[in-house]
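>>> My questions are about this predicted structure, shown below with the sequence.
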Amino acid sequence: MKIITNKSSLLNSINIVQKAVPTKTTLPIIEGILFEAKNGKLKLIGTDLEIGIETIIDVDVILPGKIVLSSKIVGEIVRKLPDSDIEIEAIGNNIINIKCENSKFKVNGLSAEEFPELPSVKKDNGITVSQNIIKDMIKHTIFSVSTDEVRPILTGVLFEVAGDKVSMVALDGFRMAVKSCTIISDSDFKAVIPGKCLSEIGKILEDSEEPVNFYFTRNQIMVSINNTVIISRLLEGEFINYKQIIPNEYKIKIKVNTDKLIDSCERAALFAKDSSNNMIKFEIIDDLMIINSNSLNGDVHEEIKINKEGNDIEIAFNAKYFIDALKVIESEEIDIEFTTNISPSIIRPCDGTGYLYLVLPARFKKNN
Amino acid sequence: MRRTIFLVDMNAFYISCEMAKNPELKGKPAAVAGDPEYRSGIILAANYEARKYKIKTTMVIHEAKKLCPQLILVPPNGKLYSDNSKEVMKILGRYTPVIQQNSIDEAWMDLTGCEKLFGKPREIAQSIMDTIIKELDLWCSIGISENKFLAKMASELKKPLGISELWKSEIDQKLWKLPVRDMYGIGAQTEKRLQKLAMYTIGDIAKCKVEVLKKVFGKYGDELYRLANGIDNSAVDENPLRGSKSMSRSITLSKDSTNIEYAKNVLLKLAEEIGTEARKSDSKGKTVSIAIKYSDFNSITRQQTIKPTYLTKEIFEAGVELLERNWSIHKPVRLLGIGLSGFEEESVEQLSIFDLPQAEDLSTASQREEKLERAMDVIREKFGADKIKRARVLDTNSTLKQ
């Protein structure tokens, strides 16, 4: 194998496949990246056996061939090389030379034959959406996936296509994020994508209107973005019927400026962080929202002007659950719907961008 | 920064409340007594006039009458005392929000940093005392120090209407000469054990080697040593019981047993009582302990830590595990006990989507168990504790005696 390529495109593709390469494993071969050169293309593959990422770049192929190189070593070398042409040449016995300007590395590799093959995925169920839409949907939901293995299905994000509506839903038991968009499609299917996989997809996606293709089988997903393909297993089992959790009505609704609320919540959380529960308390009185929190080190009181329909209410939340959602909302104002101080509250951006965030409050226990 | 801690102790509280309500009692020996109609009643609180006749709390009425035939006896009026107590606490609340009520008639206050607002500690104490006299016609003594223990000890130095300071730097003169029995927290039992170690004064405790105390009293020995040396870092806490409580039940079996299945049923019944109590106060504990006393009166306790719970089933299962690990068919058991402790300190609970009524079918086994046990609690509350029980205790029920 002998190829010539440039640093930036090589580094970019290494960065992409590295997202699937595990750092700790009992199988040394998968700590490497498979490099395969033929027909003017270099294909790179990384996998942790759950997720596989394959990306292809155009290079000058002088001699076709393939080899597995340690992801860590090759990544660091290429990152530190000058921004110039790089020559990679196999010199036999799974050893390669990497040359760039006045630098020359000799790197021990592993035989490409041992590298696991990525499964092939049939393109039965599929949709095509622009990248920025999917990236945005991931951003709005991914932080709500559960990290608790008690309910493995909740460590994934529900991807639901119903006619021309596509939705992503993530919930960890304490809050739930639902983001929906309209697309051109007429299929109906759903799948639960592992949170880690979707998070990596989110990082690879660009903020452009270029298309991304999603294909689903019963237990696998394949996503193709430009010259990159991501394959992952899907989570098995039925996702929770999230629609039944969303309350049909509310008693109190407020409209509040998003940025002001984030700033106030973050300041209130400074003290909330001291306690293990991270609680901040909202008191909604007439056209005022008062945010309080206290700890051994002191307390904080914040006031924000709001518009309100309905009665006053006093309700407490884990600051993190609130701030997580506020941070991804771009709308200048949001509506928050409350029912009682022990039932779910709903945050919706006022710009009608198809986002719903449900969050459960914390109950103050009666002191004995 | 040195703290400023007060202990406000109401003098002869019950009878003083009666005197404030009925001024005719003033200047005459009077006491609140169990039930003056019966000769067997006891003195609950005597005023200072009665105390001149050596009348003391817990004295039997006819003995008191012997000492002072003209003693006026008043039946106790719980509501009057608790109303007055609340009024006192309200007055204290004007000076600081950091108040820990220790009993109906005494409370600690943290006045650290209040000098600018209300003056020097002694001036604040005078103002509190005057206000309570003026508004409620009640007397108090106030102890001033830098921690709760010394404040309490200070309040005992002068009664009634005393304002006493006892700072750590003064303990060798003011505190150490007192007998151990006068130390807050020491009762007759501890006094006896201390006397066996030839410790008669608080100073003796303060000056001994802490290892000696630790050997005899365990952790409590360390505490005694520190208190005697005037060290007490505990905060004035509005809710001191939080996180330190434990619940336990034990029962002496009607006859000694080597039958583990029978013992399990006994534990279940006891666990049920603890579960009910824990659920009532919404307190989840993470430590389950069992106590076994054998027919030779030797006893053991064993404990294990589990996921915090208040469910009978989970308490029982942890108890059974401990029981199985420690059971011996060669040692007949006389008494069995089970306890729950290590209660969560959280006063807030994050609610979960799975607790919502509309999420019925999403619930886990433990959530279903909670619903079941809560339903049983309601039935028992309404119709009586024995109206619903688990099938496995049905046949052994008649053999259980509390």
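Nice, I can see it.
>>> Which residues are in contact with A:F143?
With contact set as CB atoms under 8 Å, 6 or more residues apart in numbering or on different chains, A:F143 has these partners: A:A170, A:A177, A:D324, A:V328. Quick note: C-beta positions are derived from backbone N, CA and C, even for glycine.
>>> same deal with B:K307?
Counting by CB under 8 Å, 6+ apart, B:K307 has contacts B:K286, B:E314.
>>> for B:L224, same thing?
B:M183, B:I186, B:T190, B:I205, B:L213, B:F217.
>>> Recalculate using a threshold of 6 Å.
For B:L224, the contacting residues are B:I205, B:L213, by CB atoms under 6 Å, 6 or more residues apart in numbering or on different chains.
>>> Quick check: phi and psi on it?
Note on B:L224: its backbone torsions stand at phi -60, psi -50 [degrees, to the nearest 10].
>>> same question, B:K371
Per degrees, to the nearest 10, the backbone of B:K371 is at phi -60, psi -40.
>>> quick one: A:T141 from chain B, how far?
15 Å (CB to the nearest CB, to the nearest Å).
>>> could you dump the contacts of A:F143 to a markdown table with neighbour count and pLDDT?
A markdown table is the format used below for those (neighbours: other CB atoms under 10 Å in any protein chain shown; pLDDT from 0 to 100):
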| residue | neighbour count | pLDDT |
| --- | --- | --- |
| A:A170 | 28 | 97 |
| A:A177 | 28 | 97 |
| A:D324 | 16 | 95 |
| A:V328 | 17 | 95 |
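>>> Closest to B:L136 out of these?
When the contacts of A:F143 are compared for distance to B:L136 (CB to CB), A:D324 wins out at 52.1 Å.
>>> Mark out where each domain of the chain begins and ends.
I'll assume chain A. A:2-114, A:125-244, A:252-359 (automatic domain parsing).
>>> think we crossed wires, I meant chain B
According to automatic domain parsing, the ranges for chain B are B:5-11+B:79-170, B:13-77, B:172-228, B:246-401.
>>> neighbours of B:E165, just the number please.
18 (other CB atoms under 10 Å in any protein chain shown).
>>> Sheet-wise, list the partners of the lowest-mean-pLDDT helix or strand in chain B with their directions.
Ranked by mean pLDDT, DSSP states H and E, the helix or strand of chain B with the weakest confidence is strand B:348-350, at a mean of 76. With DSSP bridges as the test, strand B:348-350 is paired with strand A:362-364 (antiparallel).
>>> So what touches the strand it pairs with?
When contacts are defined by CB under 6 Å, 6+ apart, strand A:362-364 is touched by residues A:M279, A:A316, A:I342, B:V348, B:E349, B:Q350, B:L351.
>>> can you check stretch B:86-94 too?
By CB under 6 Å, 6+ apart, stretch B:86-94 touches B:I99, B:M109, B:T131, B:I132, B:L136.
>>> List only buried entries from these.
B:I99, B:M109, B:I132, B:L136 (16 or more other CB atoms under 10 Å in any protein chain shown).
>>> Now do the contacts for the third one.
Right, the one you point to is B:I132. So B:I132 contacts B:I91, B:L138, B:C140 (CB under 6 Å, 6+ apart).
>>> which residues touch residue 50?
Picked chain A for this. A:R233.
>>> that's the other chain; I wanted chain B
Applying CB under 6 Å, 6+ apart, the residues near B:A50 are B:P29, B:A31, B:L71.
>>> List buried residues within those residues.
Looking at these with 16+ other CB under 10 Å, the buried ones turn out to be B:P29, B:A31, B:L71.
>>> Nearest spatial neighbour of the second one, chain-adjacent residues omitted?
The spatial neighbour of B:A31 that comes closest, neighbours along the chain excluded (CB to CB, 6 or more residues apart in numbering or on different chains), is B:A46 at 4.0 Å.
>>> Count residues in the vicinity of the one you found, would you?
Neighbours of B:A46 (other CB under 10 Å): 27.
>>> so it makes contact with B:I55?
Yes - with contact defined as CB atoms under 6 Å, B:A46 and B:I55 form a contacting pair (4.5 Å).
>>> coming back round to it: mind checking which of the contacts of B:A50 land in strands?
B:A31 (DSSP state E).
>>> The spatially closest residue to A:K38 that is not a sequence neighbour: neighbouring residues, count only.
Spatial nearest neighbour of A:K38, chain neighbours left out: A:P64 (4.0 Å); criterion: CB to CB, 6+ apart. Neighbour count for A:P64, taken as other CB under 10 Å: 14.
>>> A:L69: neighbouring residues, count only.
Neighbour count for A:L69, taken as other CB under 10 Å: 24.
>>> Do I have it right that it meets A:G109?
Yes - A:L69 is within contact range of A:G109, at 4.8 Å (criterion: CB under 6 Å).
>>> The stretch 51-200 of chain B: helices as residue ranges?
B:61-67, B:78-93, B:115-118, B:121-136, B:148-155, B:171-174, B:188-196 (DSSP state H, counting those that start in this stretch).
>>> do the stretch 251-368 of chain A as well
Under DSSP H, counting those that start in this stretch, the stretch 251-368 of chain A gives helices at A:258-272, A:319-328.
>>> And A:E332, what's its pLDDT?
For A:E332, the model assigns a pLDDT of 95.
>>> do you know which of the helices of the stretch 251-368 of chain A lies nearest B:I306?
helix A:319-328 (27.2 Å).
>>> Show me what the closest one packs onto, helices and strands only.
Judged by 3 or more CB pairs under 6 Å, 6 or more residues apart in numbering or on different chains; DSSP states H and E, helix A:319-328 is in contact with helix A:258-272.
>>> repeat that for 10 Å
Counting contacts by 3 or more CB pairs under 10 Å, 6 or more residues apart in numbering or on different chains; DSSP states H and E, helix A:319-328 packs against helix A:131-141, strand A:175-182, helix A:258-272, strand A:279-285, strand A:288-295, strand A:333-338, strand A:345-349, strand A:355-359.
>>> Now the longest helix along chain B: buried residues?
Ranked by residue count, the top helix of chain B under DSSP state H comes out as helix B:260-280. Judged by neighbour count using 16+ other CB under 10 Å, the buried positions of helix B:260-280 are B:260, B:262-276, B:278-279.
>>> what about the closest residue to A:E238 other than its chain neighbours, how many neighbours?
Spatial nearest neighbour of A:E238, chain neighbours left out: A:I153 (7.2 Å); criterion: CB to CB, 6+ apart. Per other CB under 10 Å, the neighbour tally for A:I153 reads 14.
>>> Secondary structure element holding A:P119?
Here A:P119 is covered by no helix or strand, with elements defined by DSSP states H and E.
>>> burial count for it?
Neighbours around A:P119, by other CB under 10 Å: 14.
>>> do the same with B:K387
10.
>>> Report the contact partners of it.
By CB atoms under 10 Å, 6 or more residues apart in numbering or on different chains, the residues touching B:K387 are B:M376, B:I379, B:R380.
>>> For the residue nearest to A:E332 when sequence neighbours are not counted, give its distance to A:S331.
Among residues not flanking A:E332 along the chain, A:T258 sits closest, at 6.2 Å (CB to CB, 6+ apart). Taking CB to CB, to the nearest Å as the measure, A:T258 falls 6 Å from A:S331.
>>> pLDDT value on A:K24, please?
pLDDT, A:K24: 84.
>>> meant to ask about A:E50, not that
90.
>>> Can you tell me the SS state at B:I306?
Secondary structure, DSSP: H, G, I helix; E, B strand; the rest coil: B:I306 is strand.
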